[in-house]
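J.: When you get a sec, could you give me coordinates for this:
(chains A, B, C and D)
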Protein chains: 2
Amino acid sequence: MQDTKERIIGLADQLIKTKGFNAFSYKDISDPLEIKNAAIHYYFPTKTDLGVAVIDTEIERFKSHTAKWSNMPEDKQLKQLFETFSRKHKEGLVCLMGTLSPDYKTFPEPLQEKVAAMSAAFAEWTAQCLENGRKKAIFFFDGDPYDRALLVLSNLLASLLMSRVMGVRTFGKITGQLFKDLTTAHKQE
Amino acid sequence: MQDTKERIIGLADQLIKTKGFNAFSYKDISDPLEIKNAAIHYYFPTKTDLGVAVIDTEIERFKSHTAKWSNMPEDKQLKQLFETFSRKHKEGLVCLMGTLSPDYKTFPEPLQEKVAAMSAAFAEWTAQCLENGRKKAIFFFDGDPYDRALLVLSNLLASLLMSRVMGVRTFGKITGQLFKDLTTAHKQE
DNA sequence: TTGTTTACTTACTTACAAGTAAGTAACTTT
DNA sequence: AAAGTTACTTACTTGTAAGTAAGTAAACAA
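T.: Numbers count the residues shown, from 1 in each chain, chains lettered A, B, ... in the order given. As a prediction, this is how the structure comes out:
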C-alpha cells in the first residue's frame, strides 16, 4: 500500500502549511491516519526525510501545472499562478516557501537544499513568464524580469502570511493591486 | 536589576528572528545569560508572556522611530523604514511579522492579538506616509494608499525571508525595484 | 513449502521542553 | 531589629518529541 505513504506526505504538507515544520509532530499524523508513529519512521526515517518528500511533491506539482499552462498567453499563465495561491488562501494555508523560510536556519542541510531548489524553480518560471509577456506587450514593468519575478513572488508569499494576521481581505487587496500594476500600460499621475 | 529582564527580551527577540517562536527554548536564553530557566519564568511566567513583551518592545521601538522621522519628506521617511529592514537583513534576521505570521495559528490568543496589533500599527503608518507623499507628488502609484501599503510591507517582509533562502542579493533586488516604482512618475513602455 | 520481503505494531529509550514549589541571600522599609 | 520584598537558584514534575529494536501477519517468490 503506497497509499499510506502518500497520505503521510499529504498530511505533513497540510501541517507544515498550517503549523510550520518545527511545530508539527508525528502524533499529528499518526492519530488521524490511525497508524503508529513508527509507521511514519518506516517510510521516512527522519523528519528531515519527510520534509524533503513534501517539497519534492510540491516541485513536481508545480512542474506539471506550469507544463499544462505553457500554451496560454502570459497574463493567463500568471493568473493561473495567482489562482494556486488563491486556493491555498481559501483553505487557510500559506505556501511552503512562506512557512519554511523563517525556520530555514534550523533545518539540516538536505532540507535547506530542497527549499532552495524549490524557490529557484518558482523564480525561474515567473521570470520567464514575465519576460515573454513583456515582449508581447501583455505585461508592463520596469527593470530586469528576474528582479520583477522576485517582487511578484514576494507579494504572493507575503499575502498569504499577512492574511492570517490582518484578515482574509488582505490577500485580495495585495494580489488584485499587483496584477493590475503588471497589466496596466501607464500609471496615471 | 531590570537589566536581566531587558536582556531576556533582547535575546528572545533575536532568537525569534533567527529560529522562530516555537523553535527557541528557555535554554537558548538561560545559557548565554548564565541564569537558570526559572529566572526567565520569574519575569515571564509563560512563553506567551515573553512573546508579548518582545512584540510590545518592537511596537514601542517603531513608534519612537517614526516619531523622529515625522518632519522629513515622505520619501525620506519611507527610506528610513527600508533602512530598518536593511539593518535586519545585514544581521541575517527577519522581521517579527515574517517569523510570527506562519506560526500564528499555533499561538494562544494574547499573543495572536499582539501580532495583529503590531501589523496594524505598521500598515497604518505606511498607508499614511504613502497617502501624504502622493499628495505632494513625491510618490506615484495607483489605487488605495492602504492597499499599496500592504504591497510595500509584503515586499519588505518577504524580501528578508527570501534572502535567507535565495541569497543575500535578493533583498536589494526587491527593495531597490520597489522604491524605484514608487518614486517614478511614469513607466516607460 | 520454505524463505523473503512488505508493511506495519509493540514497546521502548533518550532528550528536552515548559513550568513550578520551595528555598535563600541581599536589600529595603518600618 | 524585624518584616517584607526583590531577584533569583535548586530541584523537581509532567508532558511530549524524535527515534529505534525487535517482533509479526500477510503477501509474494523460489
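J.: Would you point out which residue is most central in chain A?
T.: Nearest to the mean C-alpha position of chain A, by Cα atoms, centre = their mean, lies A:Cys95 at 3.9 Å.
J.: got the contact list for it?
T.: Residues in contact with A:Cys95 (Cβ atoms under 8 Å, 6 or more residues apart in numbering or on different chains) are A:Lys17, A:Phe85, A:Lys88, A:Leu156, A:Leu157, A:Leu160. Using the backbone N, CA and C atoms, a C-beta is placed for each residue, glycine as well.
J.: DNA strand D: which of the residues you listed is nearest?
T.: A:Lys17 (15.6 Å; Cβ to the nearest atom of the strand).
J.: Got the confidence number for the closest one?
T.: According to the prediction, A:Lys17 has pLDDT 98.
J.: hey, where'd the helices end up in chain A?
T.: Across chain A, reading from the start of the chain, the helices by DSSP state H fall at A:2-19, A:26-33, A:37-43, A:47-69, A:74-90, A:96-103, A:109-135, A:145-166, A:169-183.
J.: okay, those helices in TSV with mean neighbour count and distance to DNA strand C next?
T.: What follows is the helices of chain A, written out as TSV (neighbours: other Cβ atoms under 10 Å in any protein chain shown; distance: least, Cβ to the nearest atom of the strand, whole Å):
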stretch	mean neighbour count	distance to DNA strand C
helix A:2-19	17	3
helix A:26-33	15	7
helix A:37-43	15	3
helix A:47-69	17	14
helix A:74-90	17	28
helix A:96-103	27	15
helix A:109-135	18	19
helix A:145-166	25	22
helix A:169-183	19	30
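J.: which stretch among those comes nearest B:Leu81?
T.: Proximity to B:Leu81, assessed across those by Cβ to Cβ, is greatest for helix A:145-166 (15.4 Å).
J.: The closest one packs against which elements?
T.: Packing partners of helix A:145-166 (3 or more Cβ pairs under 8 Å, 6 or more residues apart in numbering or on different chains; DSSP states H and E): helix A:74-90, helix A:96-103, helix A:109-135, helix A:169-183, helix B:96-103, helix B:109-135, helix B:145-166, helix B:169-183.
J.: so which of those helices gets nearest A:Val52?
T.: Relative to A:Val52, the nearest member of the helices and strands packed on helix A:145-166 by Cβ to Cβ is helix A:109-135, separated by 5.1 Å.
J.: quick check, the closest one touching chain B?
T.: Yes - contact of helix A:109-135 with chain B is found when judged by Cβ under 8 Å from any Cβ of the partner chain, involving A:Gln112, A:Val115, A:Ala116, A:Ser119, A:Ala120, A:Ala123.
J.: In contact with the nearest residue to A:Phe21 once chain neighbours are set aside, which residues?
T.: Closest residue to A:Phe21 apart from its sequence neighbours, by Cβ to Cβ, 6 or more residues apart in numbering or on different chains: A:Asp103 at 5.5 Å. A:Asp103 sits next to A:Gly20, A:Phe21, A:Asn22, B:Lys19, B:Gly20, B:Ala23 when contact means Cβ under 8 Å, 6+ apart.
J.: re earlier: any chance of the helices of chain A in CSV with distance to B:Pro32 as columns?
T.: Converted to CSV, the helices of chain A look like this (distance: least, Cβ to Cβ, whole Å):
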stretch, distance to B:Pro32
helix A:2-19, 28
helix A:26-33, 31
helix A:37-43, 33
helix A:47-69, 27
helix A:74-90, 38
helix A:96-103, 21
helix A:109-135, 24
helix A:145-166, 29
helix A:169-183, 37
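J.: Need the pLDDT of A:Gln2.
T.: 76.
J.: swap that for A:Ala185, sorry
T.: Confidence for A:Ala185, expressed as pLDDT, is 82.
J.: What of A:Gln188?
T.: Per the predicted model, pLDDT is 38 at A:Gln188.
J.: And A:Thr99, by the same measure?
T.: 98.
J.: ok, the closest residue to it other than its chain neighbours - contacts?
T.: For A:Thr99, the nearest residue in space outside its immediate sequence neighbours is B:Pro102; the separation is 4.3 Å by Cβ to Cβ, 6+ apart. Applying Cβ under 8 Å, 6+ apart, we find B:Pro102 in contact with A:Gly20, A:Val94, A:Gly98, A:Thr99, A:Pro102, A:Leu161, A:Arg164, B:Gly20.
J.: Next, give me the two most distant ones among the residues you listed.
T.: Every pair in those was compared (Cβ to Cβ); the two farthest apart turn out to be A:Arg164 and B:Gly20, at 14.8 Å.
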